[in-house]
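>>> from the sequence below, what's the structure:
(one chain, ligands or ions: 2)
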Amino acid sequence: DSAVNRIAAGEVVERPASAVKELVENALDAGATRIEITVADGGKTLIRIKDDGCGIAPEDLPLALSRHATSKIDGSDLLNIHTFGFRGEALPSLAAVGRLSLTSRAPGQEGAEIRVSGGQAEPVRPAALNRGTVAELRDLFYATPARLKFLRTDRAEMQAVTDIIKRLAMAEPFVGFTLIDAGSDRTVFRADPESGDLFDALHARLSTILGKEFAENALRIDATREDLHMTGYAALPTYSRGAAVAQFLFVNGRPVKDKLLTGALRAAYFDFLSRDRHPAAALFIDCDPVLVDVNVHPAKSEVRFRDPAIARGLIVSGLRHALAEAGH
Ligand code: ADP
Ligand code: MG
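Ligands and ions are numbered 1, 2, ... in the order given. Sure thing, here's the model as predicted:
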């Protein structure tokens, strides 16, 4: 069973950044307003995610670690997914590939801790914590040296962690994010919680992540096509980048990398950009979850729209309209 678990886990956890993504998504699902991420050695030896969310009651800690246990869905609701997690397999997968511990405190409860070692959960113990949850994953892939060898340098893994944190921070402008490199005790990235309406908050957050120049050259996007809705900001063609691609796409709040969507983005700017330039944008497509499958593969971020032509049309016409209004 533990070998089966490890194989399944490999599907979800490819590298430190994928572990960070799962743990931060859990913190977001828990309603956190501030999330602190600490990593050491590019996440290979330590990933610690501290949140101020709803916490886990002591008696629920063992459940959180068991495969396909999730507090976020009941069987009748399989297609109607509004939270990030719904498979209930992230924590057991992480426990199978590293040394996982969860310390948590739900309102009105005592703090408690659970550790998994050698695939076996230890008994829940009392632990001191004010509120929320601390998830700690140490020594990723320690039991599978072959997988460890496939990881890139600490620096490259840290870069991948930073990238995923920035994407998640874009999608959640009202939540504060701090990323700390434990080795140098350096704050690598920091975004305080934004306020105001969603567009104001997103604009401020994009200014923090992509820079003032992007924010000053960004067109506000708000478009609808049939049942798909797109919001966000896209840069004027004059700002758009050369080699450095700054394209951030989200479907129902999840960061995705998808050829259909990036192709549509490119098509929208086709008349305004030479071939070596890339449009810069942060775009959020939202729709009823039944119209899109964002879980084609757990570790990948591809999406499959029920009607891809509508998604493409939304992006092309929505962006062209905004560009035309700005005089292009
Ligand atoms: P999923 O997120 O798909 O439900 P996970 O394996 O990621 O599955 O998490 C299992 C369960 O553990 C969640 O459903 C949730 O109840 C609980 N949990 C995990 N992380 C947190 C957290 N940071 N705060 C509160 N509850 C959490
Ligand atoms: Mg989860």
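
>>> can you pull out the strands in the stretch 101-250 of the chain?
Here the stretch 101-250 of the chain has its strands, by DSSP state E, counting those that start in this stretch, at 112-117, 120-121, 125-126, 132-138, 176-181, 186-191, 218-225, 228-235, 247-251.

>>> where exactly do the helices run in the stretch 1-150 of the chain?
Counting by DSSP state H, counting those that start in this stretch, the stretch 1-150 of the chain has helices at residues 2-12, 16-29, 61-64, 90-97, 145-150.

>>> next, format the ones you listed as CSV and append distance to ligand 2, mean neighbour count and mean pLDDT.
C-betas here are computed from N, CA, C, even on glycine. Output for the helices of the stretch 1-150 of the chain, formatted as CSV (distance: least, C-beta to the ion, whole Å; neighbours: other C-beta atoms under 10 Å; pLDDT from 0 to 100):
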stretch, distance to ligand 2, mean neighbour count, mean pLDDT
helix 2-12, 10, 15, 54
helix 16-29, 4, 24, 95
helix 61-64, 9, 18, 94
helix 90-97, 4, 24, 90
helix 145-150, 21, 11, 89
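
>>> can you list these in CSV and add distance to Glu213?
Shown next, in CSV, are the helices of the stretch 1-150 of the chain (distance: least, C-beta to C-beta, whole Å):
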stretch, distance to Glu213
helix 2-12, 37
helix 16-29, 27
helix 61-64, 43
helix 90-97, 36
helix 145-150, 37
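
>>> now render those as a markdown table, adding distance to ligand 1.
Below are the helices of the stretch 1-150 of the chain laid out as a markdown table (distance: least, C-beta to the nearest ligand atom, whole Å):
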| stretch | distance to ligand 1 |
| --- | --- |
| helix 2-12 | 9 |
| helix 16-29 | 3 |
| helix 61-64 | 3 |
| helix 90-97 | 3 |
| helix 145-150 | 20 |
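
>>> can you tell which of the ones you listed is closest to Ala204?
helix 16-29 (18.6 Å; C-beta to C-beta).

>>> counting by contacts, list what that closest one packs against.
Applying 3 or more C-beta pairs under 8 Å, 6 or more residues apart in numbering; DSSP states H and E, one finds that helix 16-29 contacts strand 34-40, strand 46-51, helix 90-97, strand 132-138, helix 154-171.

>>> which of these has the lowest average pLDDT?
Ranked by mean pLDDT, these bottom out at helix 90-97, which scores a mean of 90.

>>> could you give the separation of that helix from the chain centroid?
Mean-position distance between helix 90-97 and its chain equals 17 Å (C-alpha atoms, centre = their mean, to the nearest Å).

>>> distance to ligand 2 and mean neighbour count for the strands of the stretch 101-250 of the chain - can I get that in TSV?
Compiled in TSV, those are given as follows (distance: least, C-beta to the ion, whole Å; neighbours: other C-beta atoms under 10 Å):
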stretch	distance to ligand 2	mean neighbour count
strand 112-117	16	19
strand 120-121	17	14
strand 125-126	23	12
strand 132-138	10	22
strand 176-181	17	21
strand 186-191	22	14
strand 218-225	29	17
strand 228-235	25	23
strand 247-251	17	23
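
>>> want to try JSON lines for the ones you listed, with distance to ligand 1 as columns?
As requested, those are exported to JSON lines (distance: least, C-beta to the nearest ligand atom, whole Å):
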{"stretch": "strand 112-117", "distance to ligand 1": "11"}
{"stretch": "strand 120-121", "distance to ligand 1": "13"}
{"stretch": "strand 125-126", "distance to ligand 1": "18"}
{"stretch": "strand 132-138", "distance to ligand 1": "4"}
{"stretch": "strand 176-181", "distance to ligand 1": "14"}
{"stretch": "strand 186-191", "distance to ligand 1": "19"}
{"stretch": "strand 218-225", "distance to ligand 1": "30"}
{"stretch": "strand 228-235", "distance to ligand 1": "25"}
{"stretch": "strand 247-251", "distance to ligand 1": "18"}
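
>>> contacting residues for the residue lying closest to Leu140 once chain neighbours are set aside?
Nearest residue to Leu140, sequence neighbours excluded (C-beta to C-beta, 6 or more residues apart in numbering): Gly98, at 4.4 Å. Counting by C-beta atoms under 8 Å, 6 or more residues apart in numbering, Gly98 touches Ala19, Leu137, Arg138, Asp139, Leu140, Phe141, Tyr142.

>>> thank you kindly, that will do.
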